[in-house]
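**Q** Following is a predicted model, sequence given first.
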Amino acid sequence: MQARLSTMFQSLQVRNYRLFASGQLIKLIGVWMMFIAQDWLVLELSDDSATALGVVVALQFTPVLLLTLISGRLADRYDKRMLLFVANAFWTVLSLAMSVLVFTDLVQLWHVFLFAALLGVANAVETPVRQAFVSELVGTRLLPNALSLNAAVFNSARIVGPAVAGLAIAALDVGPVFLVTALSSIAPLVTVIRMRPAELYREPLPPRDERAAATVLDGLRYVGRRPDLLLPMVLMSVVGMALFNFQLTLAALAKTVFNTGAASFGLFTTTLAVGALAGALAGTGRRSRPSVWLVLGAAIACAIFGTLVGLAPAYWMVVALLPPTGFFMVYFAQAANQRVQLGTDAAFRGRVMALWVLVFLGTNPVGAPVVGWVAETFGAGVSIWAGGLLSLATALLALAWQLRRDGARVRFRILPMPRFYVTQL
């Protein structure tokens with residue numbers, strides 16, 4: 001057990017990564033608390049409008065759609081540590097301003113819309129830079145472990161944040177939650193300052209002329225020539241747009257279908273995050289690039305469980321189905337992320353990870369309003385199972401394409417023990 005735990009948390013032995021992970025954990029707990037408070041505030045200000053909730057989510061991710069590729073170019077041209085500091089400082093100022101509006105009861109729905117859009121700008125800059133920066137913290141050897149721990153940190157925050165936010169909203173209203181978010185966002189600023197640049201695993205920046213030649217189109221062409229990178233990105237773009245909208249759909253499901261309060265919505269999000277954390281930890285022992293079959297299998301399982309969540313007729317069934325849904329959701333996303341990162345040359349990593357963030361988060365401006373409209377028109381359950389079926393169809397088509405490309409076939413042995421095979425013809 002000690003050997004297993006030592007392997008699971010190996011990246012934390014690196015001081016710079018330990019600082020990075022601790023700062024992210026503190027900030028993300030506050031961010032997830034803010035997401036719950038923001039969604040609840042929108043429902044209160046809009047008379048329980050799922051469409052308004054979808055608009056907020058769309059505004060939050062529209063800057064990712066518009067600015068992420070440019071941010072990836074910045075990550076390949078400039079000091080990623082400094083870029084992270086600037087983006088997080090912008091986030092802190094915005095969070096403080098929003099908490100003042102909420103505390104003074106001056107907040108209106110358009111304030112929330114504007115806040116979501118501006119936070120999206122900070123997120124569009126910070127996320128691809130942070131993704132590319134991980135390799136500089138630990139080096140290539142520990143990169144799969146560090147990426148899995150990143151997902152574990154993210155989902156640990158998803159467990160703690162919503163649970164605390166649900167109780168805090170019920171007891172104190174949304175104002176204190178926004179204040180905690182603002183204070184927690186200071187943590188990454190402190191940890192970035194405390195890092196030791198001499199211990200980073202990075203090469204000196206290229207000459208200015210060479211950096212200027214690093215264009216967004218070069219990164220797109222690079223991915224276009226790599227089917228092994230293109231397939232997980234296409235798959236993630238569809239699944240992310242159709243199914244990864246639980247921030248929106250679970251709020252609507254809790255309030256409009258099961259008529260529950262903020263604490264029960266927090267329970268939905270927390271049970272999803274418990275499974276997600278398990279999925280993240282399941283990948284910490286990986287030391288090599290995941291196979292395409294692992295990515296496809298996880299995507300299929302994620303789509304199946306997501307569909308079942310939408311079809312569940314009872315509250316307790318939703319709670320029971322959310323942990324395996326969260327497990328395969330993160331296991332798929334993490335395996336796809338690792339397959340992309342570990343297959344990318346260092347000179348293109350910033351731009352490729354920017355494209356990854358674009359397909360992972362940037363599809364939300366398209367998907368969230370549609371999902372919100374479906375939830376409001378046909379019911380929150382329909383919006384979930386319809387997205388699950390679309391994701392399942394896409395994953396099965398990707399599997400068929402990969403089997404044909406590799407000349408492989410699937411075999412399923414029932415006796416003596418069910419086993420899944422992909423064999424080369």
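**A** Structure received.
**Q** Report the residue spans of the chain with pLDDT below the cut-off.
**A** By pLDDT under 70, the weakly predicted segments of the chain are 1-7, 203-216, 247, 259-266, 285-287, 361-365, 408-425.
**Q** In three-state terms, label residue 47 for me.
**A** Following DSSP: H, G, I helix; E, B strand; the rest coil, residue 47 is assigned to coil.
**Q** Tell me how many other residues crowd it.
**A** 7 (other CB atoms under 10 Å). Every residue, glycine included, has its C-beta placed from N, CA and C.
**Q** do the same with residue 183
**A** For residue 183, using other CB under 10 Å, the count is 14.
**Q** any idea how far it lies from residue 31?
**A** Going from residue 183 to residue 31 by CB to CB, to the nearest Å gives 12 Å.
**Q** what do you get for residue 182?
**A** 11 Å.
**Q** next one: residue 151
**A** Relative to residue 31, and taking CB to CB, residue 151 is found at 15 Å.
**Q** tell me which element the residue lying closest to residue 192 once chain neighbours are set aside falls in.
**A** In space, and not counting its chain neighbours, residue 192 is closest to residue 85: 4.9 Å by CB to CB, 6 or more residues apart in numbering. Per DSSP states H and E, residue 85 falls inside helix 80-103.
**Q** What are the buried residues along that helix?
**A** 80-81, 83-85, 87-92, 94-96, 98-99, 101-102 (16 or more other CB atoms under 10 Å).
**Q** what does stretch 40-55 rub up against?
**A** 39, 56, 102, 107-109, 112-113, 169, 174, 248, 251-252, 255-256, 262, 265, 368-373, 375-376, 380 (CB atoms under 8 Å, 6 or more residues apart in numbering).
**Q** Can you give me the first-to-last residue distance of it?
**A** End-to-end span of stretch 40-55 (CA to CA, to the nearest Å): 14 Å.
**Q** Show me which residues of that stretch are buried.
**A** 40, 41, 42, 43, 46, 49, 50, 52, 53, 54, 55.
**Q** And the third one, how far from residue 348?
**A** Pointing back at residue 42 there. From residue 42 to residue 348 the distance is 38 Å (CB to CB).
**Q** Point out the other helices and strands that whichever strand or helix holds residue 321 packs with.
**A** Counting by DSSP H and E, the element that carries residue 321 is helix 315-341. On a contact count with 3 or more CB pairs under 8 Å, 6 or more residues apart in numbering; DSSP states H and E, helix 315-341 meets helix 109-138, helix 143-172, helix 227-242, helix 262-282, helix 292-311, helix 349-361.
**Q** Go again with 6 Å.
**A** Helix 315-341 sits against helix 143-172, helix 227-242, helix 262-282, helix 292-311, with contacts defined as 3 or more CB pairs under 6 Å, 6 or more residues apart in numbering; DSSP states H and E.
**Q** Make JSON lines from the ones you listed and add mean neighbour count to it.
**A** Supplementary listing: the helices and strands packed on helix 315-341 in JSON lines, determined by neighbours: other CB atoms under 10 Å:
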{"stretch": "helix 143-172", "mean neighbour count": "22"}
{"stretch": "helix 227-242", "mean neighbour count": "21"}
{"stretch": "helix 262-282", "mean neighbour count": "23"}
{"stretch": "helix 292-311", "mean neighbour count": "22"}
